[in-house]
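Enquirer: Generate coordinates for the sequence data below:
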Amino acid sequence: MVRAWAAADPGHAAELEALRRAWSSDFPLERRVDVDAAWRNVAASMRTLPDTARSAPSIEPAPSARVHVLRPSRTAGQQRRWSRIAGLAAAAAVVVAAAGVVSRYAMHRSGSIDLASSRTTHDYAAGAGERALVDLADGTHIVLAPATHLRVSLPSGRTGTRELTLDGEAMFTVTHDASRPFVVHSRYGTTVDVGTSFAVRAYAGEAYRVVVRDGRVALGDSATAVLVAGDVATRGTDGAMHVAHGQDAAGLLDWSNGRLTFQHTRFADLVPELERWYGVHITIASPELRDRFVTGQLDTESRDEAMRALGRTLGAQHVTEGSRVTFSLSSSAR
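Expert: Numbering: from 1, shown residues only. As a prediction, this is how the structure comes out:
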């Protein structure tokens with residue numbers, strides 16, 4: 001279908017080729033990095049610095065990760081530009097993935113080197129309406145959901161614990177290394193990689209959740225509970241941890257691929273999630289809409305299309321004014 005679409009119009013072919021070039025330049029193939037050699041070069045350079053530079057209060061570390069930020073399209077012009085390709089999404093996921101490259105932004109990132117403990121620390125953040133992709137130098141791939149902050153503290157040597165502190169939601173595909181344990185801390189609990197791909201949800205004021213897609217993870221500092229693929233652990237407001245087995249982990253983790261999947265979910269309960277993902281403030285003007293249920297899937301790359309799809313599902317009308325979206329029922333629909 002993509003080839004037929006490209007062959008139908010020279011402009012289509014040119015646009016597809018531009019996508020290929022953008023994908024190639026923005027997402028280069030993974031390259032091996034000799035970390036020890038790089039550190040020796042840094043140390044040698046530090047020895048040659050003048051005294052004034054050596055006494056500087058901080059040292060900017062070399063990048064230890066590649067970061068990409070994806071945002072949903074907002075303007076009508078952007079929507080028209082990609083609408084022709086979006087129609088092929090079901091048959092050509094690679095084109096939809098490439099469309100995400102259209103919004104590539106520099107992410108706020110701070111870092112430091114702790115010379116006493118030989119560790120490097122970096123902070124990464126995805127704002128409202130953003131999904132960030134972080135590739136660590138050890139091969140670990142991380143996807144940050146909107147409104148998420150992640151601190152990564154890595155040992156400089158071949159041993160030591162890789163420690164991450166999460167506020168928000170993130171999916172981790174970890175390069176397992178028994179000599180360098182991978183531990184995710186949050187305000188609600190600790191998750192330890194045992195060779196796996198998993199996601200942790202730890203937003204303030206919301207239920208804590210761990211979803212395992214592949215492999216195994218251990219919960220808690222004492223690692224008393226071990227989850228396997230398809231397990232979902234949730235800690236509610238009562239503080240008790242509940243584990244469900246054989247769950248649809250792929251559906252729960254669709255957000256990492258730019259899709260939000262909902263199964264019979266109350267609309268009012270969706271609002272915080274929608275506001276994070278699309279960078280909007282949602283008002284439910286008709287109280288009846290709060291208790292209507294939503295089942296379906298939304299594309300996080302297009303805010304306007306997502307709001308229209310919600311309106312159709314709810315049988316409601318919506319008005320968008322800047323970042324504010326109001327859903328209501330017409331008098332005839334009440």
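Enquirer: all helices of this structure, in order?
Expert: 2-7, 10-26, 35-47, 51-54, 76-86, 93-99, 249-252, 267-278, 303-314 (DSSP state H).
Enquirer: Least confident of the ones you listed, on average?
Expert: With a mean of 30, helix 93-99 has the lowest mean pLDDT of the helices of the chain.
Enquirer: Tell me how the protein divides into domains.
Expert: Per the record, the chain has its domains at 59-71+107-254, 258-333, by automatic domain parsing.
Enquirer: Grab the nearest non-local neighbour of G129.
Expert: Nearest non-adjacent residue to G129, counting by C-beta to C-beta, 6 or more residues apart in numbering: G279, 2.6 Å away. C-betas here are computed from N, CA, C, even on glycine.
Enquirer: do L150 as well
Expert: What sits nearest to L150 in space, not counting adjacent residues and going by C-beta to C-beta, 6+ apart, is Y124, at 4.8 Å.
Enquirer: now the one you found: how far from V134?
Expert: 6 Å (C-beta to C-beta, to the nearest Å).
Enquirer: Output the domains of the chain in a markdown table; the columns should cover distance to E15 and mean neighbour count.
Expert: Formatted as a markdown table, the domains of the chain follow (distance: least, C-beta to C-beta, whole Å; neighbours: other C-beta atoms under 10 Å):
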| stretch | distance to E15 | mean neighbour count |
| --- | --- | --- |
| domain 59-71+107-254 | 19 | 17 |
| domain 258-333 | 16 | 16 |
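Enquirer: residue nearest the centroid of this protein?
Expert: L144 (2.6 Å; C-alpha atoms, centre = their mean).
Enquirer: quick revisit: quick check: neighbours shared by Y124 and V134?
Expert: A65, V67, I142, L144, L150 (C-beta atoms under 8 Å, 6 or more residues apart in numbering).
Enquirer: list the contacts for the last one?
Expert: Okay, so that is L150. Per C-beta under 8 Å, 6+ apart, neighbours of L150: D123, Y124, A125, V134, I142, L144, L164, T165, L166, D167, G168, A170.
Enquirer: and it, bridged to which residues?
Expert: For L150, the beta-bridge partners under DSSP bridges are Y124, L166.
Enquirer: measure D135 to V194 for me?
Expert: 21 Å.
Enquirer: closest to D9 out of the domains of the chain?
Expert: Set against D9 and scored by C-beta to C-beta, these come closest in domain 258-333, at 22.3 Å.
Enquirer: my guess is H149 meets H122, correct?
Expert: No. H149 is beyond contact range of H122, at 11.5 Å (criterion: C-beta atoms under 8 Å).
Enquirer: Wait, E206 touches P272, no?
Expert: Yes. Contact criterion C-beta under 8 Å: E206 and P272 qualify, at 7.2 Å.
Enquirer: who are the neighbours in contact with the residue nearest to the centre of the chain?
Expert: Y124, A125, A126, R131, A132, L133, V134, L150, G168, E169, A170 are the contacts of L144 under C-beta under 8 Å, 6+ apart.
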